[in-house]
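Have a look at this prediction, sequence included:
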Number of protein chains: 2
Amino acid sequence: MSDTNSNSTVPETSHVPVVLIENVNPNVRNMEYAVRGPIVARAAEIDSEIKNGVKKPFAKVLPANIGDCHATGQTPITFIRQMQKERAKKRILAGCRGGSIGSYSGSPGVEVIRQDIAAYITKRDDVPSKSEDVILCTGASDGIKTILSMLMTGKTGNERAGIMIPVPQYPLYSATLTEYNAQPIRYFMNEENNWSLDISELRRAIEEAKSKCLPRAICVINPGNPTGQVLTRQNIEDVIKFAHDERLMILSDEVYQHNVYAKGSEFFSFKKVLMEMGAPYNRHELASFMSASKGFMGECGFRGGYFEVVNFHPAVKACLLKTISVKLCPPVAGQAVIDCVVNPPVLGDPSYDRFMKEKTHVLSQLKEKANLVTELFNSIEGIKCNTVQGAMYSFPQIFLPPKAIEAAKAKGQTPDSFYCFSLLEETGLCVVPGSGFGQKEGTYHFRMTILPPLEEIRINIVKLAYGSPRLSGNDLHLCTFINKWRSCDSYNIL
Amino acid sequence: MSDTNSNSTVPETSHVPVVLIENVNPNVRNMEYAVRGPIVARAAEIDSEIKNGVKKPFAKVLPANIGDCHATGQTPITFIRQMQKERAKKRILAGCRGGSIGSYSGSPGVEVIRQDIAAYITKRDDVPSKSEDVILCTGASDGIKTILSMLMTGKTGNERAGIMIPVPQYPLYSATLTEYNAQPIRYFMNEENNWSLDISELRRAIEEAKSKCLPRAICVINPGNPTGQVLTRQNIEDVIKFAHDERLMILSDEVYQHNVYAKGSEFFSFKKVLMEMGAPYNRHELASFMSASKGFMGECGFRGGYFEVVNFHPAVKACLLKTISVKLCPPVAGQAVIDCVVNPPVLGDPSYDRFMKEKTHVLSQLKEKANLVTELFNSIEGIKCNTVQGAMYSFPQIFLPPKAIEAAKAKGQTPDSFYCFSLLEETGLCVVPGSGFGQKEGTYHFRMTILPPLEEIRINIVKLAYGSPRLSGNDLHLCTFINKWRSCDSYNIL
């Protein structure tokens, strides 16, 4: 083995790397993605420390930072995993070149899977869907980035592409716009009205942006991430009218379409509403995104996703297909998983009973946790949480005492980051600061998934309510405000 | 179901889509990727025509356009597929969160797999590799795009990023540079010397480019795609010295490192050579790419790839890790496949004998085809083919008669596209025109994979040699020049 050090004749200090952080692409350098940010890195460190015998006031970190279902204990749906062995060998494999899942598929995906997805959408919406409008992708993120990249103008100043995104939003959107050097046009969700989407706010946002950029599209996340709201049909109609009037393509992120919990809430796809509105709206351009990572299946690791393009001009669609061909194809195993999602067992199939039982179990557990989380948070003084109507997240507002805000500033952290780091260190609960998703100036939040087992969620929120001895001490005064809630005496955790 | 047509009150012609091809991102619009270009689309049409009973002078299309092993008949390696069932359940699954392959992995990949890759590289090169420098990705393409994106400057004019790429090159590079609005600095491989890489040509290329852009990196494909050459160790040393002198990061695309066939040719990784050169070269920055899609395994559909970053500045590496976190993680099943590649059965393992037999069989078949293809092509008048030393492609030069060039121009096609379309229509052989990879002005080539079964390759090249009645007719005079080779009388194909 060559000893590279002994060969060295140049002193350490003389070496200047070709690439320093200062000359990394500034758009890449400025990207931020809090879901896997420094707090998650710290959580991993803490887990290592525990493994190495360092004593903590908790036995393990509870990851509630990312919508990663199986990682937090959800059992994979049997049908999906069996399909990998059995059904894939027949129908799907017949659709793969050379009969192997190890062949590249067509760039938009395996043809039979595109057909199954179109059939699923048709049934879901009672509006026809065509397989040639369905494009598989490497998780929904990949599809969203592809469509956004097409909308860039390659220009600067007021001709730079502007994309409307909600605040708070899943930070894929803001990170991608930073990477593409586009102008985010931020519209604020209405926290006072359970994170509803107000059209007047869309108007305010776009009017303010018009001098700065060329608005090209509006992104809507429904059910909401991180905010968990489910849009009403009327609301969706209003968004479509707005997009039509302002000539904005609609990107509807509908990856949580199976995750609706609240009484009275119902999922309507933008495609269905747009088509049923009739002319001129039924010819408006829409891309709708779905994933195998969420819903009841939670098969995140397979990176299966798809999108449907609606009313795309043929030349634009041809350009889209050309663009994705450079990436060759999305993972075929992930495509097969998506097929299970859109083409599940039906009454009479041998696997039907077990599938329905497992699906119902997962969704009812999530529903229970959605209710529990809202209720528990709202029983804590200093925390206010809207109803988790859908998706997998709660996004409570935290009211921090001035001393905590000062302490955060002194440490160079945002107050919510400071809060979440303390929460992690003291209780082991890993959540993401609201600043990673965007929030109104002067308000503080965090995003907590509702994925961990019910009892672990309950215990951790109780810990949060009581605070821990160190946190509630006189030094920081961070958690004294939440130390008043005393209704869970059965948990002897202090 | 809503009848959207009957609802329409606006006449067809009044509708103007929000996005027309004219206002698609010009960088996206200008991307080109010939490996899945119009000729492949036509091949799919022909296959449909045959299925629908249209008579053709051949029974089926022979896809030789893309390095898709299983699609063209290669049997998956048993060990890799069994691992999906058995080994994954133990070691790999233990490395997955919640013990499920359906969880997101860390963004750089599953930790144990990164360790296995580092061990593989260490053994391959006899130079240490660290798992924290190994990053898994969604096929090598994904990794290459990630590194290139970091090197962009976000500026225009002579501060625009320039990236050196070979000509001919795998068009991922040119397409990505177009997408990123970077300046390709094209260096020509020396066809007269079996596609060798001449340092004098690198110098010419960079000197000419310096007034137009800021050169930031050099991409080298070794073994070459589409050119099949294998660089000598001396050649690699010279490239490293050049890159060091010009302060260019090196991107070494080494996805064909298992595919070396020619006597006297040997694969040396850039990492090994760079490290063994000693100072100052052993501190130069390098990213080296590998894939599960090529080699003996050919598991393209799993989209498994990785890259090793060498000598990256810590802040730059941290930025890289942040960037990939937005994509969450590469497909975990693909990561597991990569693990099989780098951590195969060893002598004494129950699966060892079968694994070695299958691996040897695939590689020896490829070697035989590499030799056969070179030999057959060179026996045809009007075709000249360099030795296929490695990778999976031949890239023969075709000498077209002036009438064929005129006929192509009249059709608005490049002469090589015209030739390849004719070849497809007349013989069913689907290859990619050289213009999709770049070639010297006035020369014409095509890329043909060596993946189809040996006999099918032989038959198709014979067809090519004889031409077909229509092609060799008086109308086009396209193939008369190849109609002279008469040594394969045993194939009665005309």
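That came through fine. Numbering: from 1, shown residues only, chains lettered A, B, ... in the order given.

mind giving me the domain ranges of chain A?
Domain assignment for chain A by automatic domain parsing gives A:27-73+A:355-482, A:78-342.

Including distance to B:S48, mean pLDDT and mean neighbour count, could the ones you listed go into TSV?
Any C-beta I mention is one placed from the backbone N, CA and C, and that applies to glycine too. Conversion of the domains of chain A to TSV gives the following (distance: least, CB to CB, whole Å; pLDDT from 0 to 100; neighbours: other CB atoms under 10 Å in any protein chain shown):
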stretch	distance to B:S48	mean pLDDT	mean neighbour count
domain A:27-73+A:355-482	35	82	20
domain A:78-342	11	93	22
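
Quick check: which of those domains is nearest to B:T227?
Of all those, domain A:78-342 sits nearest to B:T227, with 19.9 Å by CB to CB.

List the pairing partners of the helix or strand A:L251 falls within within its sheet, with orientation.
Here A:L251 is covered by strand A:249-253, with elements defined by DSSP states H and E. In the sheet, strand A:249-253 lines up against strand A:214-221 (parallel), strand A:286-291 (parallel) (DSSP bridges).

so what secondary structure elements neighbour the helix or strand following that strand?
Per DSSP H and E, the first helix or strand lying C-terminal to strand A:249-253 is helix A:270-276. With contacts taken as 3 or more CB pairs under 8 Å, 6 or more residues apart in numbering or on different chains; DSSP states H and E, helix A:270-276 sits against helix A:111-125, helix A:233-246, strand A:249-253, strand A:286-291, strand A:304-310.

and the next helix or strand after the first one, anywhere near chain B?
With elements assigned by DSSP H and E, the helix or strand that comes after helix A:111-125 is strand A:134-138. Yes - under the criterion of CB under 8 Å from any CB of the partner chain, chain B is reached by strand A:134-138 at A:T138.

Now do strand A:134-138 against strand A:304-310: the angle between them, please.
Here strand A:134-138 runs at an angle of 150 degrees relative to strand A:304-310 (axes from the mean of the first three to the mean of the last three CA atoms, to 10 degrees).

now what about strand A:134-138, what contacts it?
Residues outside strand A:134-138 that contact it (CB atoms under 8 Å, 6 or more residues apart in numbering or on different chains) are A:105, A:108-110, A:113-114, A:117-118, A:121, A:143, A:146, A:303-309, A:320-321, A:324, A:327, A:329-331, A:334-335, A:338, B:138, B:303, B:331.

A:P402 is in contact with A:P415, correct?
No - at 9.9 Å, A:P415 and A:P402 do not qualify as touching, with contact defined as CB atoms under 8 Å.

can you pull the contacts of the residue lying closest to A:P226 once chain neighbours are set aside?
Using CB to CB, 6 or more residues apart in numbering or on different chains and skipping residues adjacent in sequence, the residue nearest A:P226 is A:R447, 4.0 Å away. By CB under 8 Å, 6+ apart, the contact set of A:R447 is A:65, A:168, A:226, A:393-395, A:431-432, A:434, A:436-437.

Wait, a strand at A:R447?
Yes - under DSSP: H, G, I helix; E, B strand; the rest coil, A:R447 sits within a strand.

in the sheet, who's paired with it?
A:V432.

chain center to stretch A:18-30, what's the gap?
Distance of stretch A:18-30 from its chain centroid, counting by CA atoms, centre = their mean, to the nearest Å, is 26 Å.

ranges for the strands of the stretch 1-150 of chain A?
A:62-63, A:134-138 (DSSP state E, counting those that start in this stretch).

do you know which of those lies nearest A:E191?
Taking CB to CB, strand A:62-63 is the member of those nearest to A:E191, at 25.4 Å.

Packing partners of that closest one?
Judged by 3+ CB pairs under 8 Å, 6+ apart, strand A:62-63 is in contact with strand A:429-430.

Mind listing the strands the strand it packs on pairs with, and their directions?
strand A:62-63 (parallel).

how about the residues of the stretch 251-400 of chain A near chain B?
With CB under 8 Å from any CB as the criterion, the stretch 251-400 of chain A comes near chain B at residues A:275-276, A:278-280, A:282-285, A:293, A:298-303, A:311-313, A:315-316, A:319, A:322-323, A:325-334.

how about a cut-off of 7 Å?
Within the stretch 251-400 of chain A, the positions lying close to chain B (CB under 7 Å from any CB of the partner chain) are A:275-276, A:278-280, A:282-283, A:285, A:298-303, A:313, A:315-316, A:319, A:322-323, A:325-328, A:331-334.

List the ones among those that fall in helices.
Under the assignment DSSP state H, those contribute A:275-276, A:315-316, A:319, A:322-323, A:325, A:332-334 to helices.

Taking the residues you listed together, which two end up most distant?
A:E276 and A:A333 (35.6 Å).

rewinding a little: in JSON lines: the contacts of A:R447, plus secondary structure.
Below are the contacts of A:R447 laid out as JSON lines (three-state DSSP):
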{"residue": "A:N65", "secondary structure": "coil"}
{"residue": "A:P168", "secondary structure": "coil"}
{"residue": "A:P226", "secondary structure": "coil"}
{"residue": "A:Y393", "secondary structure": "strand"}
{"residue": "A:S394", "secondary structure": "strand"}
{"residue": "A:F395", "secondary structure": "coil"}
{"residue": "A:V431", "secondary structure": "coil"}
{"residue": "A:V432", "secondary structure": "strand"}
{"residue": "A:G434", "secondary structure": "helix"}
{"residue": "A:G436", "secondary structure": "helix"}
{"residue": "A:F437", "secondary structure": "coil"}
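
Which single one of those residues is nearest to A:V239?
A:P168 (17.3 Å).

From what I see, that closest one and A:T227 are in contact.
Yes - counting by CB atoms under 7 Å, A:P168 sits close enough to A:T227 to count as a contact (5.9 Å).

so what's in contact with the two at the same time?
Counting by CB atoms under 7 Å, 6 or more residues apart in numbering or on different chains, the contacts common to A:P168 and A:T227 are A:189, A:395.

Many thanks, I have nothing further to ask.
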